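In: Need a 3D model of the following:
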Amino acid sequence: MTSGMTATQLPSSALPRVLVFFPKDTSPVAVEESFSAVRAASSLEVDLIDSLSWYDERFSSCGTWNSWALEAVKGKSYQNRRPYFDAFVLTGTGRVGRGTATVASLALTVGKKVYRLDGNTLKQVTRVIEDDDGWITSTGETS
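Out: Reported below is the predicted structural model:
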């Protein structure tokens, strides 16, 4: 989480808010390293919120993965009526878990941007594909 904020105390600035997804065992150092990479790869100044903190803050009140995903994608701050998040960034190899896949799919459906951090580059995700081992994010590139 940036600047010691809790997820429910999202910044009131006009900067785009981006939820960055991490595997559940990611260390705080790795989160900060990924935040630095996202900032370096972004052409805009953004407020970054990590998915681990957002999960800790919001999942119990949402109750289900689908409700949590819906709140992340379509939820708005009661105070300023701004969306909680304007875009989403996925870290890792492109294979994601159920919660991340649900958020990414819903975000794409409603027209929000989803990116995958690939080294020091942000690649736009175009689809989330379910396979036998879970979910894979596609940037439309062929290997």
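In: buried sites along the helix or strand of the chain with the lowest mean pLDDT?
Out: None of the helices or strands of the chain scores lower by mean pLDDT, DSSP states H and E than helix 51-62, at a mean of 82. Of all the residues in helix 51-62, those buried under the rule 16 or more other Cβ atoms under 10 Å are S51, L52, S53, W54, Y55, R58, C62. Glycine gets a C-beta too; all of them are placed from N, C-alpha and C.
In: Check stretch 72-91 too.
Out: Buried, per 16+ other Cβ under 10 Å, within stretch 72-91: 72-73, 75, 82-91.
In: In this protein, what residue spans correspond to strands?
Out: For the chain, applying DSSP state E gives strands covering 17-21, 47-50, 87-90, 95-96, 113-118, 121-124, 127-131, 134-138.
In: and stretch 128-143, how far from the chain's centre?
Out: Its chain's C-alpha centre and that of stretch 128-143 lie 17 Å apart, by Cα atoms, centre = their mean, to the nearest Å.
In: And the average pLDDT for it is what?
Out: Mean pLDDT, stretch 128-143: 85.
In: Output that stretch in PDB with nothing but the alpha carbons.
Out: Below are the C-alpha coordinates for stretch 128-143, written out as PDB (Å, rounded to 0.1, in the frame of the first residue of the first chain):
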ATOM      1  CA  VAL A 128      -8.500 -13.700 -19.800                       C
ATOM      2  CA  ILE A 129      -8.700 -17.400 -20.800                       C
ATOM      3  CA  GLU A 130      -9.600 -20.300 -18.600                       C
ATOM      4  CA  ASP A 131      -7.700 -23.500 -19.100                       C
ATOM      5  CA  ASP A 132      -7.300 -26.800 -17.200                       C
ATOM      6  CA  ASP A 133      -4.800 -25.200 -14.700                       C
ATOM      7  CA  GLY A 134      -6.500 -21.900 -14.000                       C
ATOM      8  CA  TRP A 135      -6.500 -18.700 -15.900                       C
ATOM      9  CA  ILE A 136      -4.100 -17.100 -18.400                       C
ATOM     10  CA  THR A 137      -4.000 -13.400 -19.400                       C
ATOM     11  CA  SER A 138      -3.400 -12.600 -23.000                       C
ATOM     12  CA  THR A 139      -1.900  -9.500 -24.500                       C
ATOM     13  CA  GLY A 140      -2.800 -10.500 -28.000                       C
ATOM     14  CA  GLU A 141       0.900 -11.300 -28.800                       C
ATOM     15  CA  THR A 142       1.900 -14.700 -30.100                       C
ATOM     16  CA  SER A 143       4.900 -16.500 -28.700                       C
END
